[in-house]
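Asks: My questions concern the predicted model and sequence given below.
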Amino acid sequence: MSMPAISAVRKAFPGAKLSLLVKPWVAGLFEKDPNVDEIIFYQEEHKGFSGKLELARRLKGQKFDLAILLQNAIDAAIIAFIARIPRRIGYSRDMRGFLLTDKIPYKGEDRKGHHIGYFLNLLKEAGISAEPVNKAPWIYLDMEERLKARSLIRNLKRPVIGLNPGAAFGSSKRWPPERFGEVAKKIAGELKGTSVIFGSKAEERTAEEIMKPAPEALSFAGKTTLRELAALISECDALITNDSGTMHVGYAVGTPLVALFGPTSPRLTGPPPAGNIVIKKDVPCSPCFERECPEKHTQCMLGISADEVFNALKRVLPFNRAVFFDRDGTLCRDVDFLNNWQDFEVFKDIGEVQKLKELGFKLIGVTNQSGIGRGIVNEGFVKDANRFFIEEHGFDAFYYCPHLPEDNCSCRKPSPGMLVRARTEFSIDLKGSYMIGDKEGDIIAGEAAGTRGLLLKGPSPNSFASLKECVEFIIKAENDSGRDK
């Protein structure tokens, strides 16, 4: 939930060295984040006073100009103070205000909103532009990680549904394993799919209990690193999860999820509403935010039935298929930073895409438009040109990325961010979809999302000479597969 704030800091200080001080177990989330230059571990040995002194000496030696304390703990303020970091920003709470140079007033209402906003508000109140490039959390996975995860579940019957029965906070947040087992049985029976179970080594027995009524399920409990977990979840068609760190990983890789809340509040820590479903029972004592149920009944979790969760799963499962298209060089002539109608020339075979629509595909455009960020392309023209394909050629949507490569956004191809957004907004089954583009980055974005990539006018003998050839290939592939329209 701190990722948008980190994106905002990078945008505010583009030339600065940005270091993260984090506990080792969470460091994997930021391991390949281009917004972060260095990860410094806050180890167990740093908890004592001598350990804090040692860590502070290290930080002092690096001559940091600014420390932004996203967490509320006094430890972070003590370390930054001893390290003599000139400017120290944090909420003035937990008796640490005297250690800060920028004491951001803490008001009770600050914690009535989502944690993402809580972190961004800290920056805003300190005078730092709080407009992140990535407005939602995004975990940067490379292609090797995605392909490795894909290979592990490639032969499973789809849909592949992730199950996360754990929650490190405490037993009060855990839905009973037998309920997960009931859902896993329904996934195999009614959906003809497969459940994959995630968790730490402590959840191995829980996974075994879940698999009793669903022996075809596959358990990864205790078998993954944090990054491997993120990659595997990104390959799932949906995730059913307790309110936990794994839930946040789920929406930060764009996987649709059903989140089960009991003693905690989705208003504070829930997933984004688009494409996700939160199930929470109206119990008088909830949310209590206690690790163990004070009433000894955990009715807030027991009140959630397996049928309710399974029905929610069916609502979030992506069911539409799409053909994604790059724009310039694929649908129309590429003139480098297209910015006027005089240079706008649509390829003559554009009408062929209607055949894909007749097969039941959504038609969705995804285009990089860094000219907007460079100030040489009018954003209004980009919107109008994209709208042309919607109104004149039946496209269902057209997304564009206005950012520069150095903005490290999640949407610029070869990142799959625009395709993942389309999955959320149009319920797209990415693994049943295609990506057509004239650049390698287009194909990489499609493959990262799980689609089949078709390279147009490329150097490879496997590339296609025209848009018409791409359409014909997809039609033949669909006919050969015997897939229903």
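Replies: Good, I have the coordinates. In this text, all values refer to a predicted model and were calculated from it rather than measured experimentally.
Asks: right, and the helix or strand after the helix or strand containing residue 354?
Replies: Residue 354 belongs to helix 353-358 when assigned by DSSP states H and E. In the C-terminal direction, the helix or strand that comes right after helix 353-358 (DSSP H and E) is strand 362-368.
Asks: that older thread, now for the helix holding residue 354, which elements pack on it?
Replies: Judged by 3 or more CB pairs under 8 Å, 6 or more residues apart in numbering; DSSP states H and E, the packing partners of helix 353-358 are strand 322-325, strand 362-368, helix 467-481. C-beta coordinates here come from the backbone N, C-alpha and C atoms, glycine included.
Asks: Please identify which of the ones you listed is closest to residue 437.
Replies: Nearest to residue 437 among the helices and strands packed on helix 353-358 is strand 322-325 (7.3 Å), distances taken as CB to CB.
Asks: Partner strands of the closest one and their direction?
Replies: Partners of strand 322-325 in the sheet, by DSSP bridges, are strand 362-368 (parallel), strand 434-437 (parallel).
Asks: Bridging across strands, which residues link to the closest residue to residue 356 other than its chain neighbours?
Replies: Spatially, and ignoring its direct neighbours in sequence, residue 356 is nearest to residue 323 (5.1 Å; CB to CB, 6 or more residues apart in numbering). Counting by DSSP bridges, residue 323 is bridged to residue 363, residue 434.
Asks: If I look at residue 323, what pLDDT would I see?
Replies: For residue 323, the pLDDT comes out at 98.
Asks: Enumerate every residue touching it.
Replies: By CB atoms under 8 Å, 6 or more residues apart in numbering, the contact set of residue 323 is 353, 356, 361, 362, 363, 364, 433, 434, 435, 436, 474.
Asks: and the closest residue to residue 415 other than its chain neighbours, what helix or strand is that in?
Replies: Nearest residue to residue 415, sequence neighbours excluded (CB to CB, 6+ apart): residue 445, at 6.5 Å. Under the criterion of DSSP H and E, residue 445 resides in helix 440-449.
Asks: what lines up beside the next helix or strand after that helix in the sheet?
Replies: For helix 440-449, the following helix or strand on the C-terminal side (DSSP H and E) is strand 452-455. When pairs are called by DSSP bridges, strand 452-455 turns out to pair with strand 434-437 (parallel).
Asks: which residues touch the partner strand?
Replies: 322-326, 329-330, 361, 366, 413, 419, 442-443, 445-447, 449, 451-456, 467, 470, 474.
Asks: I'd like to know how many residues surround the closest residue to residue 244 other than its chain neighbours.
Replies: Spatial nearest neighbour of residue 244, excluding adjacent residues (CB to CB, 6+ apart): residue 167 at 4.2 Å. Residues near residue 167, counting by other CB atoms under 10 Å, number 26.
Asks: try residue 472
Replies: Residue 472 has 14 neighbouring residues, counting by other CB under 10 Å.
Asks: Quick check: it vs residue 393, distance?
Replies: Shown here: residue 472 relative to residue 393, a distance of 18 Å by CB to CB, to the nearest Å.
Asks: List the buried residues of the helix or strand harbouring residue 58.
Replies: Per DSSP H and E, residue 58 falls inside helix 49-61. For helix 49-61, the neighbour count (16 or more other CB atoms under 10 Å) marks 52, 55, 56, 59 as buried.
Asks: next one: stretch 339-355
Replies: Residues of stretch 339-355 classed as buried: 339, 344, 347, 350, 352, 353 (neighbour count, 16+ other CB under 10 Å).
Asks: Make TSV out of those residues and add distance to residue 124.
Replies: Output for those, formatted as TSV (distance: CB to CB, whole Å):
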residue	distance to residue 124
339	34
344	40
347	46
350	45
352	49
353	44
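Asks: Closest one of these to residue 40?
Replies: Checking the buried residues of stretch 339-355 against residue 40 with CB to CB, the nearest one is residue 339 at 44.2 Å.
Asks: Can you show me the strands along the stretch 101-250 of the chain?
Replies: Taking DSSP state E, counting those that start in this stretch as the criterion, the stretch 101-250 of the chain carries its strands at 102-105, 160-164, 194-197, 218-219, 238-242.
Asks: pull the CA atoms of the third one into PDB?
Replies: Same thing as strand 194-197. Coordinates of the C-alpha atoms in strand 194-197 are reproduced here as PDB (Å, rounded to 0.1, in the frame of the first residue of the first chain):
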ATOM      1  CA  THR A 194      -8.200 -26.300 -10.500                       C
ATOM      2  CA  SER A 195      -7.400 -24.700  -7.100                       C
ATOM      3  CA  VAL A 196      -3.800 -23.700  -6.200                       C
ATOM      4  CA  ILE A 197      -3.200 -23.100  -2.500                       C
END
